[in-house]
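1. return atomic coordinates for the entry below.
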Amino acid sequence: MYFTDRGIEELENRRGEEEVTFAWLADKLRAFVDANPDFETAVERLATYLARDDDDFEE
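-> Numbers count the residues shown, from 1 in each chain. Below you'll find the predicted structure:
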């Protein structure tokens, strides 16, 4: 199990039944980067991954 799995599991357990828009998610990601600028690259990569089809994602 990766360390990140804990956070993903918590997200699923706490909010797994909710429906959100990508606009809401984008706002949350911007707020997170504003508060945690060291994670800008990781958030950018995640946002790019979510925005593109899996076939278009460059690793």
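2. okay, now Asp54: neighbour count?
-> As a burial measure, Asp54 scores 6 neighbours (other Cβ atoms under 10 Å). Every residue, glycine included, has its C-beta placed from N, CA and C.
3. pLDDT score for the residue nearest to the spatial centre of the chain?
-> What sits nearest the mean C-alpha location of the chain, by Cα atoms, centre = their mean, is Leu46, with 5.5 Å. Per-residue pLDDT puts Leu46 at 94.
4. any idea how far it is from Asp53?
-> 15 Å (Cβ to Cβ, to the nearest Å).
5. same check on Gly7?
-> Counting by Cβ to Cβ - Gly7 and Asp53 are separated by 25 Å.
6. for Asn13, same thing?
-> 28 Å.
7. and the two? Which one has more around it.
-> Using other Cβ under 10 Å as the criterion, Asn13 and Asp53 rank with Asn13 on top: 9 against 6.
8. and the contacts of the worst-scoring helix or strand of the chain on mean pLDDT?
-> In the chain, no helix or strand scores lower on mean pLDDT, DSSP states H and E than helix 3-15, which sits at a mean of 89. Helix 3-15 is contacted by no other residue when judged by Cβ atoms under 8 Å, 6 or more residues apart in numbering.
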